[in-house]
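Colleague: prediction below, plus the sequence it came from.
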Amino acid sequence: MAAQLIDGKAIAEQIRQEMKAEVAELKEKFGGKAPGLAVVLVGQRKDSQTYVRNKKKACEEVGIVSFGTDLDESATEAEVLQAVAGYNADPSVHGILVQLPLPPHIDEQRVLDAISIEKDVDGFHPLNIGRLAMRGRDPLFVPCTPKGCLELLKRSGVALSGKKAAVVGRSNIVGMPAALLLQREDCTVTVIHSRTANAQRICAEADIVIAACGKAEMVGGDWIKEGAVVIDVGINAVDDATAKRGYRLVGDVNFAEASEKASQITPVPGGVGPMTIAMLLRNCVDGAARTFAAEA
Ligand SMILES: NC(=O)C1=CN([C@@H]2O[C@H](COP(=O)(O)OP(=O)(O)OC[C@H]3O[C@@H](n4cnc5c(N)ncnc54)[C@H](OP(=O)(O)O)[C@@H]3O)[C@@H](O)[C@H]2O)C=CC1
Ligand SMILES: Nc1nc(=O)c2c([nH]1)NC[C@@H]1CN(c3ccc(C(=O)N[C@@H](CCC(=O)O)C(=O)O)cc3)C=[N+]21
Ligand SMILES: [Mg+2]
């Protein structure tokens, strides 16, 4: 039986429409003040430029003012820190995102730690992650990609409490926070990583699978339990001379195989990617609303 498609692109579009109305209300209530998002981009990576462009477009659609600093690949760490400090101090900026990865000569941790926790819309600050991990505590911001995965599950009517979930990958920005979020929803979570023995067999026991291992189509049909819900975070470019851009995107899940087993599944592209951007805007609007209320 073929799985039902979870249409991330359509759901993200709907969320942007909801936020558009909220931003208009905020403006009304707080004397015309609008949420502001600043994006710092270092270097000329094609994929990073694409995401940053998509973020700016989405901001405009929703009514968020976007700010940007584009630095050369050769920029120093001090220059990046200076851009962050400027946005930390700027009252019209409510969210700051430093696009990753940074060039190797720049210390990513030092830059991320410099972002004011009140403006950490990526949710990567250790204080936000720490609170996410603790019972009875709440972070100011939840990382956008895992938050997008959970939003897809909720809006697709997937019950989470008491379910077995498997997360393939344990990175700070996707796998680990995704596992924490599922656990907060009362799933019983197994985290699978590169040293996990019998990864396929363990994954095949899960009712819910979030795949974020960065390996094209690694999660095959035999990793998926009949009827499981599959969220594919992976974005992998594979060369394809017949494709418009010379490559096409595939996920970390073998879609053709997994969709024969799953009850619901996200596509790549058009799944988690658009939700990541929608959740970034969500965090930005929430941060601005908190700040406006505190100022009023
Ligand atoms: N849609 C979106 O918005 C986003 C998509 N992505 C995509 O999601 C994927 C994951 O990204 P990210 O978390 O940054 O990647 P990382 O490379 O940082 O992490 C990959 C994780 O997968 C694990 N892993 C690698 N190989 C295997 C294996 N053979 N078996 C089991 N686990 C394995 C690694 O284990 P170990 O810890 O042991 O090394 C690691 O924990 C990528 O495809 C990326 O492009 C990322 C961000 C946003
Ligand atoms: N500080 C920081 N925060 C991030 O959130 C962050 C980052 N750095 N670095 C890179 C990753 C990756 N990421 C994506 C965002 C959108 C799509 C997206 O919109 N994807 C479209 C396709 C895009 C295309 O066609 O190339 C889709 O899946 O349908 C993908 C990936 C955010 N990341
Ligand atoms: Mg680095």
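Modeller: That came through fine. Ligands and ions are numbered 1, 2, ... in the order given.
Colleague: residue of this structure closest to ligand 2, please.
Modeller: Using Cβ to the nearest ligand atom, the closest approach of the chain to ligand 2 is made by residue 273 at 2.2 Å. For glycine as for every other residue, the C-beta is placed from the backbone atoms N, C-alpha and C.
Colleague: now the nearest residue to that residue once chain neighbours are set aside: how far from residue 149?
Modeller: Leaving aside its chain neighbours, residue 273 sits nearest to residue 235 (6.4 Å; criterion: Cβ to Cβ, 6 or more residues apart in numbering). In this view, residue 235 and residue 149 are 13 Å apart by Cβ to Cβ, to the nearest Å.
Colleague: what do you get for residue 52?
Modeller: Going from residue 52 to residue 149 by Cβ to Cβ gives 22 Å.
Colleague: higher neighbour count, the two?
Modeller: Neighbours were counted for residue 52 and for residue 149 using other Cβ atoms under 10 Å; residue 149 has more, 30 against 19.
Colleague: okay but that one is in contact with residue 276, surely?
Modeller: No - proximity of residue 149 to residue 276 does not meet the contact threshold set by Cβ atoms under 8 Å, at 9.1 Å.
Colleague: am I right that residue 210 sits in a strand?
Modeller: Yes - counting by DSSP: H, G, I helix; E, B strand; the rest coil, residue 210 is located in a strand.
Colleague: 425 is where my numbering starts, stick with that
Modeller: From this message on, residue numbering opens at 425, which makes the last subject residue 634.
Colleague: ok, what's across the strand from it?
Modeller: Counting by DSSP bridges, residue 634 is bridged to residue 591, residue 655.
Colleague: am I right that it is in contact with residue 657?
Modeller: Yes - using Cβ under 8 Å, residue 634 is in contact with residue 657, at 6.5 Å.
Colleague: what sits in contact with each of those two?
Modeller: Jointly contacting residue 634 and residue 657 under the rule Cβ atoms under 8 Å, 6 or more residues apart in numbering are 573, 602.
Colleague: for this protein, which residue gets nearest to ligand 3?
Modeller: residue 532 (4.5 Å; Cβ to the ion).
Colleague: quick one: name the residues of the stretch 525-674 of the chain near ligand 2.
Modeller: By the rule Cβ under 6 Å from any ligand atom, the part of the stretch 525-674 of the chain lying against ligand 2 is 546, 568, 569, 659.
Colleague: can you report phi and psi for residue 537?
Modeller: Backbone torsions of residue 537, given as degrees, to the nearest 10, read phi -70, psi -20.
Colleague: what's the answer for residue 520, then?
Modeller: phi -130, psi 130.
Colleague: contacting residues for it?
Modeller: Counting by Cβ under 8 Å, 6+ apart, residue 520 has contacts 461, 462, 464, 508, 511, 512, 539, 540, 543, 544, 545.
Colleague: which stretches of the stretch 525-674 of the chain form strands?
Modeller: Secondary structure of the stretch 525-674 of the chain by DSSP state E, counting those that start in this stretch: the strands cover 588-592, 612-616, 632-635, 653-656, 660-663, 671-674.
Colleague: whichever helix or strand comes after the last one packs against which elements?
Modeller: Think strand 671-674. Sequence order places helix 679-682 as the next helix or strand after strand 671-674, per DSSP states H and E. Helices and strands touching helix 679-682, by 3 or more Cβ pairs under 8 Å, 6 or more residues apart in numbering; DSSP states H and E, are strand 653-656.
Colleague: tally of neighbours for residue 489?
Modeller: 18.
Colleague: show me the contacts for it.
Modeller: Contacts of residue 489 (Cβ under 8 Å, 6+ apart): 458, 459, 460, 461, 483, 516.
Colleague: list the residues that contact residue 720.
Modeller: residue 454.
Colleague: tell me the spacing between it and residue 516.
Modeller: 16 Å.
Colleague: over to residue 699?
Modeller: For residue 699 relative to residue 516 (Cβ to Cβ), the value is 26 Å.
Colleague: mean confidence score for stretch 520-528?
Modeller: Averaging pLDDT along stretch 520-528 gives 96.
Colleague: any part of that stretch near ligand 1?
Modeller: No - judged by Cβ under 6 Å from any ligand atom, stretch 520-528 and ligand 1 are separated, with a smallest distance of 8.2 Å.
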